[in-house]
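heads up, no residue letters with this:
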DNA sequence: ATCGCTGTTCGTTAAATTACGAACAAAGAT
DNA sequence: ATCTTTGTTCGTAATTTAACGAACAGCGAT
């Protein structure tokens, strides 16, 4: 039996979200974005002692996973939680942890 | 400021658990273990079309992250959820997702 | 004592992740 | 038109992850 028929779509999605959350810096970013509405990449760059390019990569991962979204507010980019997917992730983990 | 003082211990732990959950097969295993009390590696090996050694690696990752535990029941090994750490992970995700 | 069954460890390979600095691109300000 | 600011992309390197089959180890049964 192919693996595709064994693993459910929910499990795949949950794993996708979990993977994006699977790094301390990304958890930090996500938590920050839940506590304040939004933030600019530059704000994070000032706080976090990592290269801008590394930060950009982490933001891209979070964006690709669908957990955050970026809105151009030239010359900056404003990042916020992607509410829709956040709710999906929340629901998946709720179910998973039997909440 | 060193990274260690910026990322909280909670964020690090949550990332650790999330990372372990960040693979479809590991999500499948975890979900199975929440629905039935325990299972043997052999049961999983029959269901999942992956090499025994690969399965063993995934189980080890889950064990190292503290989400499951194995109990020898010769000649098999019985795997169960590690209730204590499961509760911790659950609590971390609850807080994180504002549940 | 050795055979069989279970599951881990070893050795290897390919791919993905994490990180950096340098170079680049976009767009408003001078 | 050029400068400045912001953030991404490129190129690179080191590490980790994921996967496999073969070899090994533990232990109960023969």
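Good, I have the coordinates. The structure presented is a predicted model; accordingly, all values stated were derived computationally and were not measured.

okay, CA-based contacts and neighbour counts for the rest of this
Will do.

anything in the helix or strand encompassing residue A:11 near chain B?
Residue A:11 belongs to helix A:9-21 when assigned by DSSP states H and E. Yes. Helix A:9-21 lies within reach of chain B by Cα under 8 Å from any Cα of the partner chain, at A:11-12, A:14-21.

residue contacts, the residue of chain A most remote from its centre?
Distance to the chain centre peaks in chain A at residue A:1, reaching 32.3 Å (criterion: Cα atoms, centre = their mean). The contact partners of residue A:1, by Cα atoms under 8 Å, 6 or more residues apart in numbering or on different chains, come to residue B:49.

distance of it from residue A:51?
Distance of residue A:1 to residue A:51, given as Cα to Cα, to the nearest Å: 45 Å.

show me where chain A has its strands.
A:38-40, A:68-73, A:76-81 (DSSP state E).

hey, which of these is tucked in deepest?
Among those, the stretch with the highest mean neighbour count (mean count of other Cα atoms under 10 Å in any protein chain shown) is strand A:76-81, at a mean of 19.

and it, how far out from the chain middle?
12 Å (Cα atoms, centre = their mean, to the nearest Å).

run through who's touching stretch A:21-30.
For stretch A:21-30, using Cα under 8 Å, 6+ apart, the contacting residues are A:20, A:44, A:58-59, A:62, A:68, A:81, B:7, B:11-12, B:14-20, B:22.

what parts of chain A come near DNA strand D?
A:40-43, A:52-53, A:55-57, A:59-60, A:75-78 (Cα under 7 Å from any atom of the strand).

any quick PyMOL command for the buried ones out of those?
Remark: buried members of those, expressed as a PyMOL selection using 16 or more other Cα atoms under 10 Å in any protein chain shown:
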select buried, chain A and resi 40+41+55+59+78
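
farthest pair in the residues of chain A next to DNA strand D?
A:57 and A:75 (18.9 Å; Cα to Cα).

from residue A:66, how far off is the residue in chain A that DNA strand D sits nearest to?
Relative to DNA strand D, the nearest point of chain A is residue A:42 (3.2 Å; Cα to the nearest atom of the strand). According to Cα to Cα, residue A:42 and residue A:66 sit 21 Å apart.

up against chain B, what does chain A have?
Within chain A, the residues that sit near chain B (Cα under 8 Å from any Cα) are A:1-3, A:6-7, A:11-12, A:14-25, A:27-28, A:31, A:47-49, A:90, A:93-94, A:96-97.

name the residues of chain A found near DNA strand C, please.
Applying Cα under 7 Å from any atom of the strand, we find that chain A lies next to DNA strand C at A:22-23, A:25, A:49-54, A:58, A:74-75.

which strand residues bridge the residue nearest to residue A:34 when sequence neighbours are not counted?
Nearest residue to residue A:34 in three dimensions, chain neighbours excluded: residue A:81, at 7.0 Å (Cα to Cα, 6 or more residues apart in numbering or on different chains). For residue A:81, the beta-bridge partners under DSSP bridges are residue A:68.
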